[in-house]
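>>> could you work out the structure for the sequence below:
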Amino acid sequence: MYPLEKFASQILAHPDTKKKVDVFSLSMYRLVIFPKALGHIDEAVTDLFDQLDRWVTPVPAILAETFRSLSACRRTGEERFIGCAQLLLVWFHSHFYKVDKISYQGFSENYSPLKELAATPRRDDITGEKWMMILQNLQDEDVEWRASWMVPDEFLYRCGDFDWFPLLGIWGAVGYAPLLVLRQYRSRQFVPATQRLAECEFSYKGNNYRGKIREMSNAWKQIHRMKRII
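Predicted structure coming up:
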């Protein structure tokens, strides 16, 4: 891990403007996207950031670490969420039409969740207990699963021999089953096979995780699609 103060001094002192921007962007990745170690930048974050110039998308890693952290919070009840809370808040705003009797703009072709959130005054008066009540009382009409123009006729649903997607994060991996949330594709829901799904969640520790990483990486070379079930 690298002290954040060291990167801040490099931003101010480095003569190369592009490298200044790169160091600043890396600091934002550490502070906002992957805020694990307070005051430091994890080496795993720098490794992912280094791959961005080679057109490697950070989306699977962001999703993996978000799901892993939310699962940890659910299991322990008091675990600190280690993920991008801002992106999670954008997801809330763009999917829940009516929260606390406030009507948010729904999906439209010119709608930008990020711009809306930036323009929305921050509310600090909604407590954790209030959020629990809001989520427990959500109705179908309060949720917009997906923008109408983003619903494909077919979608990815499994990789290789897995009945789901294995998502590789920067500190661990987790399985994601699109067939559990077919409503997002406006498709008829059914109970899919989820054997071994829980086994897909693990941290990059010990001696056995590298083989699992190779298996998951190879699975992405064989993706499977299915038609929407109406």
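
>>> helices along this structure, start to end?
Using DSSP state H, the helices found in the chain span residues 4-13, 17-28, 43-51, 59-76, 85-95, 113-119, 128-136, 209-219.

>>> out of these, which gets nearest to residue 170?
Relative to residue 170, the nearest member of those by CB to CB is helix 43-51, separated by 4.0 Å. (Each C-beta comes from the backbone N, C-alpha and C, glycine too.)

>>> could you list the buried residues of the closest one?
Neighbour-count burial for helix 43-51, counted by 16 or more other CB atoms under 10 Å, picks out 44-46, 48-49.

>>> show residues contacting it.
The list of residues contacting helix 43-51 from outside it, by CB atoms under 8 Å, 6 or more residues apart in numbering, reads 1-2, 25-26, 29-30, 33-34, 56, 58, 61, 170-171.

>>> dump the residues you listed to TSV, plus pLDDT, distance to residue 134 and neighbour count.
Conversion of the contacts of helix 43-51 to TSV gives the following (pLDDT from 0 to 100; distance: CB to CB, whole Å; neighbours: other CB atoms under 10 Å):
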residue	pLDDT	distance to residue 134	neighbour count
1	53	37	14
2	53	39	16
25	75	34	12
26	74	35	21
29	73	30	20
30	70	31	23
33	78	26	20
34	78	27	24
56	81	37	13
58	87	30	15
61	89	29	22
170	89	31	21
171	91	30	18
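
>>> the buried residues of helix 43-51: which two are farthest apart?
Farthest apart among the buried residues of helix 43-51 - using CB to CB - are 44 and 49, which lie 9.7 Å from each other.

>>> ranking helices and strands of this protein by mean pLDDT, which lands last?
Of the helices and strands making up the chain, the lowest-confidence element is strand 102-103, at a mean of 45, by mean pLDDT, DSSP states H and E.

>>> now do the contacts for the spatially most central residue of the chain.
Compute the mean C-alpha point of the chain, and by CA atoms, centre = their mean the closest residue is residue 63, 2.7 Å away. Applying CB under 8 Å, 6+ apart, we find residue 63 in contact with 167, 176.
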